[in-house]
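J.: Here is a sequence together with a model predicted from it:
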Amino acid sequence: MSTPSLDRVVAAVPEEVPVAIEMLADAFADDAITNWIYPDVALRRPSFTGYCAHMLSQPSAAMQIIDDCGAAIWLTVDAADESSGPEETTGPEVSASGRRLMALGDTLAAWHPRERRYRYLFAMGVRPGRQGGGHGSALLARGIADADAVGLGVYLEASSANSRMLYRRHGFEDLAGSLTVEDSPPIWPMWRPPQSAPIDD
């Protein structure tokens, strides 16, 4: 099956953002890392969508969508900028999910580039019923092309072996072996240096 045209990947306008966040929630419903961070099924979806909305509130954040099934959240991070991760929160009021999110963020912080400006793919997903049609590849290729156009590398974290394989096909390399935090599932920090032209899918 061919990958959808990159022209179908567009920037989400404000009224499309809530629906796009719900697309991501659908896509991550069975994600092992997401389910580890938010073990309470009743709170999982609202917590996940709230965190996506928080990330999109950052000045450099942008959301891209494809058709009515897939979305990606991108951030442009300046050198030595640590604001792309979870906000540090302490005290007895912090939930178990908040502590897990902070612990994961602390572990992954060491792998974020610090010496250069870069693009960070915070989240990308396609609704389960539409997966396998190349929409994720199109979303990724569009973001890579945009980063290449301005000479920026891309950092991300693969939360499954399948997504890691997708990213490797698009030129990403592992920065470390699989990482775990406490009893979490594995996660892979990955990097793709800027290139003069995007890699074809």
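T.: Yep, it's here.
J.: Need the pLDDT of T3.
T.: The score at T3 is 75. That number is its pLDDT.
J.: Buried residues of stretch 154-161, list them for me.
T.: For stretch 154-161, the neighbour count (16 or more other C-beta atoms under 10 Å) marks V154, Y155, L156, E157, A158, S159, S160 as buried. Every C-beta, even on glycine, is put in place using the N, C-alpha and C of the backbone.
J.: what's the answer for stretch 144-154, then?
T.: Applying 16+ other C-beta under 10 Å to stretch 144-154 flags I144, D146, A147, D148, L152, G153, V154 as buried.
J.: Going by secondary structure, the residue positioned nearest the centre of the chain is in what exactly?
T.: A centroid search over the chain (C-alpha atoms, centre = their mean) returns A123, at 2.2 Å, as the residue closest to the centre. If you go by DSSP states H and E, A123 is part of strand 118-126.
J.: again with T49
T.: With secondary structure defined by DSSP H and E, T49 is part of helix 41-56.
J.: can you check W191 too?
T.: Using DSSP H and E, the element containing W191 is strand 188-192.
J.: Show me what that strand packs onto, helices and strands only.
T.: strand 153-158, helix 161-169, strand 173-174 (3 or more C-beta pairs under 8 Å, 6 or more residues apart in numbering; DSSP states H and E).
J.: please redo it, this time with the cut-off set to 6 Å
T.: In terms of contacts (3 or more C-beta pairs under 6 Å, 6 or more residues apart in numbering; DSSP states H and E), strand 188-192 is packed against strand 153-158, strand 173-174.
J.: Arrange those strands in a markdown table, one row each, with mean pLDDT and distance to R119 as further columns.
T.: Output for the helices and strands packed on strand 188-192, formatted as a markdown table (pLDDT from 0 to 100; distance: least, C-beta to C-beta, whole Å):
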| stretch | mean pLDDT | distance to R119 |
| --- | --- | --- |
| strand 153-158 | 97 | 5 |
| strand 173-174 | 97 | 15 |
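J.: want to try JSON lines for these, with distance to P14 as columns?
T.: Below are those laid out as JSON lines (distance: least, C-beta to C-beta, whole Å):
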{"stretch": "strand 153-158", "distance to P14": "25"}
{"stretch": "strand 173-174", "distance to P14": "35"}
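J.: on that earlier part again, so what angle separates the directions of the following helix or strand past the strand holding A123 and strand 153-158?
T.: Downstream of strand 118-126, the first helix or strand assigned by DSSP H and E is helix 135-149. Orientation of helix 135-149 against strand 153-158 (axes from the mean of the first three to the mean of the last three C-alpha atoms, to 10 degrees) gives an angle of 150 degrees.
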